[in-house]
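Student: fold the following and give me the result.
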Amino acid sequence: MSPKQPTPSANLFAAAGLEQDAPRPLPERLRPRVLSDVVGQDHILGPDGALTRMLETRTLGSLVFWGPPGTGKTTVARLLADATELQFEQISAVFSGVADLKKVFEAARARREMGRGTLLFVDEVHRFNKAQQDSFLPVMEDGTVVLVGATTENPSFELNAALLSRARVLVFQSLDAAAIEKLFAHAESVVGRALPLDDEARAVLVRMADGDGRAALTLVEEVWRAARTNEIFNAAQLQDILQRRAPIYDKSADGHYNLISALHKSVRGSDPDAALYYLCRMLDAGEDPLFLARRVVRMAVEDIGLADPQALVICNAAKDAYDFLGHPEGELAIAQAVIYIATAPKSNAAYMAYKAAMRTAKEGGSLLPPKHILNSPTKLMKSEGYGDGYQYDHDTPEAFSGQDYFPEALGRQTFYDPPERGFEREIRKRLDYWTRLRNERQS
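Tutor: Predicted structure coming up:
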């Protein structure tokens with residue numbers, strides 16, 4: 001695709017020198033000019049980084065950049081094109097369709113015939129459907145384009161296997177506090193002003209950025225706009241001015257699944273402190289408390305079961321309490337349930353028994369139960385032996401007949417194997433006692 005020709009008005013605008021004076025956001029003004037200026041991605045761009053090695057060997061292949069917003073994916077793609085003397089083309093999967101892709105591919109082919117390659121940067125590449133992703137394969141294979149796709153979603157789930165097999169995935173990390181501080185210092189150097197913050201407020205601003213470099217610089221710009229001459233903000237004033245930017249958290253993205261997994265595994269691992277931390281992370285980020293309450297109920301039945309039968313009761317009560325109290329008091333009921341199940345004895349015996357029984361039920365087919373436990377409401381059924389020999393357990397010693405209730409073709413099975421923990425220790429004693437009685441009476 002040939003470069004878009006500027007309009008006459010745009011030429012006049014640039015010729016008058018107004019383009020340099022037009023306001024530009026601070027993140028754009030501070031965009032790195034060379035790869036070594038990118039902060040927070042030393043594992044990719046450091047002396048032994050993956051991209052550093054590629055550039056040294058001049059063997060740049062197609063790539064997928066996976067990481068949170070504001071970590072430098074677009075900037076690195078631009079700088080890669082400069083470093084490898086490739087024409088940089090950028091499209092977004094949000095705004096582009098098949099027709100746009102065809103135009104880009106045709107322009108890249110024409111450019112290749114003239115001896116110049118193309119680095120095609122596709123932002124939000126995971127938003128393309130399967131057919132659109134497949135359209136990249138031929139131009140990647142014949143070298144028409146070097147594809148660099150950027151995504152905030154896990155490529156394993158969102159990108160076609162064929163596309164992934166032709167590209168290397170590089171993981172961009174959230175910027176740590178040191179990297180955010182470097183951005184602050186660079187901004188102060190370029191603008192020529194110190195941030196009007198005391199030490200505590202500066203640390204709070206780092207946390208507000210939440211690992212997002214673009215957000216960090218936007219917050220810096222907001223601070224400068226709000227500050228009067230010689231004014232220094234403390235932490236409380238800073239939060240009032242900025243209205244505390246919410247943490248980055250997309251309830252349909254990886255952050256959601258990572259945190260709920262961390263909460264569940266902390267409960268399963270009997271760590272109430274870690275469980276509370278992840279619960280509060282999700283609540284603070286705006287997660288639906290009823291989603292969390294449902295997950296807590298699941299934990300009670302999946303990881304505690306009959307080791308503590310009260311766990312399910314308490315988790316259901318927490319859900320009802322939230323329904324009754326609402327926000328914010330209702331969240332405390334969910335937190336209380338999380339503490340309870342994190343400190344409860346753990347057992348997945350009921351969960352495993354259910355899965356084993358379901359597997360056997362599916363594999364066994366429509367087996368008839370033994371006739372002695374079938375009802376016989378008609379004479380025909382009685383003549384067929386339905387109900388013959390059934391022993392009413394309440395009329396037997398110990399209220400236990402010891403009869404076999406499995407289909408004869410299947411034979412006796414054991415699904416539930418309670419461990420010697422919590423209340424299931426008592427259940428284990430009962431089962432062992434009934435097993436002994438059954439063996440005695442059947443013999």
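
Student: is residue 122 in a helix, a strand, or coil?
Tutor: For residue 122, the secondary structure call by DSSP: H, G, I helix; E, B strand; the rest coil comes out as strand.

Student: leaving out chain neighbours, which residue sits closest to it?
Tutor: Excluding its sequence neighbours, the residue lying closest to residue 122 (Cβ to Cβ, 6 or more residues apart in numbering) is residue 149, at 4.6 Å. From N, CA and C alone the C-beta is placed, and that goes for glycine too.

Student: any idea how far residue 383 is from residue 376?
Tutor: Going from residue 383 to residue 376 by Cβ to Cβ, to the nearest Å gives 9 Å.

Student: please apply the same query to residue 162.
Tutor: 62 Å.

Student: give me the more crowded residue out of these two.
Tutor: The residue with more neighbours, out of residue 162 and residue 376, is residue 376; 16 against 13, by other Cβ atoms under 10 Å.

Student: that one belongs to a helix?
Tutor: No: counting by three-state DSSP, residue 376 is located in no helix; its state is coil.

Student: let me see the contact set for it.
Tutor: Residues counted as contacts of residue 376 (Cβ atoms under 8 Å, 6 or more residues apart in numbering) are 382, 386, 387.

Student: if you rank those residues by neighbours, which is first?
Tutor: Neighbour counts for these, by other Cβ under 10 Å, peak at residue 386, which reaches 17 neighbours.

Student: doesn't residue 375 make contact with that residue?
Tutor: Yes: the pair residue 386 / residue 375 is scored as a contact, 6.8 Å apart, by Cβ atoms under 8 Å.

Student: so where's the stretch 151-300 of the chain shaky on pLDDT?
Tutor: Where the stretch 151-300 of the chain drops to pLDDT under 70, the residues are 244-255.

Student: quick one: the helices in it, in order.
Tutor: 155-158, 161-165, 177-191, 199-209, 213-226, 235-242, 254-268, 272-284, 289-299 (DSSP state H, counting those that start in this stretch).

Student: turn these into JSON lines, columns for distance to residue 431.
Tutor: Listed next are the helices of the stretch 151-300 of the chain as JSON lines, based on distance: least, Cβ to Cβ, whole Å:
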{"stretch": "helix 155-158", "distance to residue 431": "42"}
{"stretch": "helix 161-165", "distance to residue 431": "47"}
{"stretch": "helix 177-191", "distance to residue 431": "55"}
{"stretch": "helix 199-209", "distance to residue 431": "53"}
{"stretch": "helix 213-226", "distance to residue 431": "57"}
{"stretch": "helix 235-242", "distance to residue 431": "58"}
{"stretch": "helix 254-268", "distance to residue 431": "25"}
{"stretch": "helix 272-284", "distance to residue 431": "31"}
{"stretch": "helix 289-299", "distance to residue 431": "25"}
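
Student: buried stuff in the longest helix along the chain?
Tutor: Ordering each helix of the chain by length in residues (DSSP state H) puts helix 424-442 first. Under the neighbour-count criterion of 16 or more other Cβ atoms under 10 Å, helix 424-442 has 424, 427, 428, 437, 438 buried.

Student: cool, stretch 390-409 as well?
Tutor: 390, 401, 402, 403.

Student: same question, stretch 281-298
Tutor: 281, 282, 283, 285, 287, 289, 292, 293, 295, 296, 297.

Student: which of the residues you listed sit farthest apart?
Tutor: Farthest apart among these by Cβ to Cβ are 285 and 297. That separation is 21.1 Å.

Student: need the residues that contact stretch 95-102.
Tutor: Against stretch 95-102 from outside (Cβ under 8 Å, 6+ apart): 91, 131, 132, 135, 136.

Student: what's the closest of these to residue 215?
Tutor: Among the contacts of stretch 95-102, and counting by Cβ to Cβ, the member closest to residue 215 is residue 91, at 23.9 Å.

Student: what about the residue nearest to the closest one when sequence neighbours are not counted, how many neighbours?
Tutor: Spatially, and ignoring its direct neighbours in sequence, residue 91 is nearest to residue 122 (5.7 Å; Cβ to Cβ, 6+ apart). For residue 122, the neighbour count with other Cβ under 10 Å is 27.

Student: which residues touch residue 122?
Tutor: Residues in contact with residue 122 (Cβ under 8 Å, 6+ apart) are 90, 91, 92, 93, 128, 147, 148, 149, 150.

Student: in CSV: the residues you listed, plus secondary structure, pLDDT and neighbour count.
Tutor: Formatted as CSV, the contacts of residue 122 follow (DSSP: H, G, I helix; E, B strand; the rest coil; pLDDT from 0 to 100; neighbours: other Cβ atoms under 10 Å):
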residue, secondary structure, pLDDT, neighbour count
90, strand, 93, 16
91, strand, 91, 18
92, strand, 90, 14
93, coil, 88, 21
128, coil, 90, 25
147, strand, 94, 22
148, strand, 94, 29
149, strand, 94, 28
150, strand, 94, 25
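
Student: save these as a markdown table, and put in distance to residue 343 too.
Tutor: Output for those, formatted as a markdown table (distance: Cβ to Cβ, whole Å):
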| residue | distance to residue 343 |
| --- | --- |
| 90 | 52 |
| 91 | 52 |
| 92 | 48 |
| 93 | 46 |
| 128 | 47 |
| 147 | 50 |
| 148 | 48 |
| 149 | 45 |
| 150 | 43 |
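
Student: of these, which is the nearest to residue 357?
Tutor: Comparing the contacts of residue 122 against residue 357 with Cβ to Cβ places residue 128 closest, at 43.3 Å.

Student: in contact with the closest one, which residues?
Tutor: Residues counted as contacts of residue 128 (Cβ under 8 Å, 6+ apart) are 93, 122.

Student: change it to 6 Å
Tutor: Contacts were defined as Cβ atoms under 6 Å, 6 or more residues apart in numbering; by that measure residue 128 touches residue 93.

Student: what about residue 405, which SS state?
Tutor: coil.

Student: now it: how far from residue 146?
Tutor: 67 Å.

Student: and for residue 406?
Tutor: Here residue 406 is placed at a distance of 64 Å from residue 146 (Cβ to Cβ).

Student: try residue 374
Tutor: Per Cβ to Cβ, residue 374 is found 71 Å from residue 146.

Student: neighbour count winner among these two?
Tutor: A count of neighbours by other Cβ under 10 Å puts residue 146 above the other of residue 374 and residue 146, at 23 against 15.

Student: might one say that that one is in contact with residue 119?
Tutor: Yes: in this structure residue 146 lies within contact range of residue 119 using Cβ atoms under 6 Å: 4.9 Å.

Student: got the domain boundaries for this protein?
Tutor: By the assignment in automatic domain parsing, the chain contains the domains 31-171, 254-343, 370-442.
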